[in-house]
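Enquirer: curious how this folds, go ahead:
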Amino acid sequence: EREGAVKLPAAMALGELVAAAPERSGYSEITYDRSDGVGVVSFDFYNGAMSTEQCRRLAAALRYAAAQDTRVLVVRGGEVFSNGIHLNVIEAARHPELEAWMNINAINAVCREIVGCTGQLVVTSLGGNAGAGGVMMGLGADRVVVRDGVVLNPHYRTMGLFGSEFWTYVLPRRVGAEQALRLTQEALPIGAAEAVELGLADKLLVGSRLEFERRVLEYAERLAVDPGYDRLLAGRRAAREADERRKPLDAFRAEELAEMSRDMFDDQNGFRAARRAFVHKVKAEATPEHLARHRELSGASVVSGAEASHM
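Expert: Next up, the predicted model:
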């Protein structure tokens, strides 16, 4: 790989060289399948990065799925569930800040489809790792099912971003305001079991990714025929309506984007340098501040414990 080069989606990197190439059936990044009252939107983006164009296609697929006469919608990621916006595409753009802005608005539209789907129960299938906006995207569902061994990074701080994807709504709704603040500020990875303990996820399943996907589908099929289904769906709809009256989703979006505009255009928290370092795999020169602080606090608690045992 050439020094300073940015790894990009093949179609984007090759550009006009493949513009006239015919589409071939086979692998597709986004698919929709349905059976036994369950619709499944599957997406599989390389390294979990979601460009503006990919987000727009995924939002369209979710809109289509939400309009079908199924009872449960499963939102299923790939080997990596999602890591949010596509930093490589942003870095390579002629106007990176503008591309970042378009990308965050496009992924917000995806999240809006998940949160706003009130005609079906929604299940997120987290069979692979997720980070930043990719975690928040999954939290908009009624049920979040996570595979054992998956690691979640529910924060944006290390990239110099406030974050969007309606995180200020979906995260506190699941874990409470205090825990949401801790997760986003400490910026530490969360394992699958801890995610269930915290309320980030509802159910943990063990097995290979294929076994996991099969078991999530079985879970969704049981949910579709559950005797209490109508009550559960009515509860989802009532909760969404009550939340909307209390504070509309557009208000959460506007507040988040006000911060993100300062991060992206004014670079108030070092997004430009953090993005460049991530894309070009620049080695860290020192322990990141949030990790150093965590280690310091952990060390203090260990010392305190040791001292206490000798009192």
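Enquirer: so how far is Q179 from the residue nearest to the spatial centre of the chain?
Expert: Among the residues of the chain, the smallest C-alpha distance to the mean C-alpha position (CA atoms, centre = their mean) belongs to G134, namely 1.3 Å. From G134 across to Q179, the span is 19 Å (CB to CB, to the nearest Å). Every residue, glycine included, has its C-beta placed from N, CA and C.
Enquirer: just G37 next, same as before
Expert: Using CB to CB, G37 is found at 34 Å from Q179.
Enquirer: and for D202?
Expert: When distance is defined by CB to CB, D202 is 16 Å away from Q179.
Enquirer: for L87, same thing?
Expert: For L87, the distance to Q179 equals 27 Å [CB to CB].
Enquirer: returning to that earlier point: tell me which element the residue nearest to the centre of the chain falls in.
Expert: Secondary structure assignment for G134, by DSSP states H and E: helix 133-138.
Enquirer: who touches that helix?
Expert: With contact meaning CB atoms under 8 Å, 6 or more residues apart in numbering, helix 133-138 is reached by 48, 50, 75, 77, 81-85, 104, 107, 110-111, 114, 124, 126, 130, 144, 152-154, 156, 163-167, 170-171, 200.
Enquirer: same check on stretch 260-276?
Expert: Outside of stretch 260-276, the residues within contact range by CB under 8 Å, 6+ apart are 87, 90-91, 96-97, 100-101, 104, 158-164, 282.
Enquirer: rerun that using 6 Å as the cut-off
Expert: With CB atoms under 6 Å, 6 or more residues apart in numbering as the test, stretch 260-276 has contacts from L87, E91, E97, A100, W101, I104, M159, G160, L161, F162, S164.
Enquirer: thought the fourth one was touching I90?
Expert: Yes - distance between A100 and I90: 4.7 Å, which falls inside the contact criterion (CB atoms under 6 Å).
Enquirer: so what's V74 closest to, chain neighbours aside?
Expert: Closest residue to V74 in three dimensions, ignoring its sequence neighbours and counting by CB to CB, 6 or more residues apart in numbering: V40, at 4.4 Å.
Enquirer: which pLDDT value belongs to the one you found?
Expert: Confidence at V40, expressed as pLDDT, is 98.
Enquirer: burial of it, as a residue count?
Expert: Look at V40: counted by other CB atoms under 10 Å, it has 22 neighbours.
Enquirer: separation between G149 and R209?
Expert: Distance, G149 to R209, using CB to CB: 10 Å.
Enquirer: what's downstream of the helix holding G134, the next helix or strand?
Expert: Next helix or strand after helix 133-138 toward the C-terminus (DSSP H and E): strand 143-147.
Enquirer: how about the CA coordinates for that following strand, as CSV?
Expert: Taking C-alpha atoms only, strand 143-147 is exported to CSV below (Å, rounded to 0.1, in the frame of the first residue of the first chain):
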residue,chain,number,x,y,z
ARG,A,143,-34.7,-5.9,21.5
VAL,A,144,-31.0,-5.9,21.1
VAL,A,145,-29.5,-9.4,20.8
VAL,A,146,-25.7,-9.7,21.1
ARG,A,147,-23.4,-12.6,20.3
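Enquirer: run through who's touching that strand.
Expert: When contacts are defined by CB under 6 Å, 6+ apart, strand 143-147 is touched by residues 123-127, 138, 192, 195, 201-205, 212, 216.
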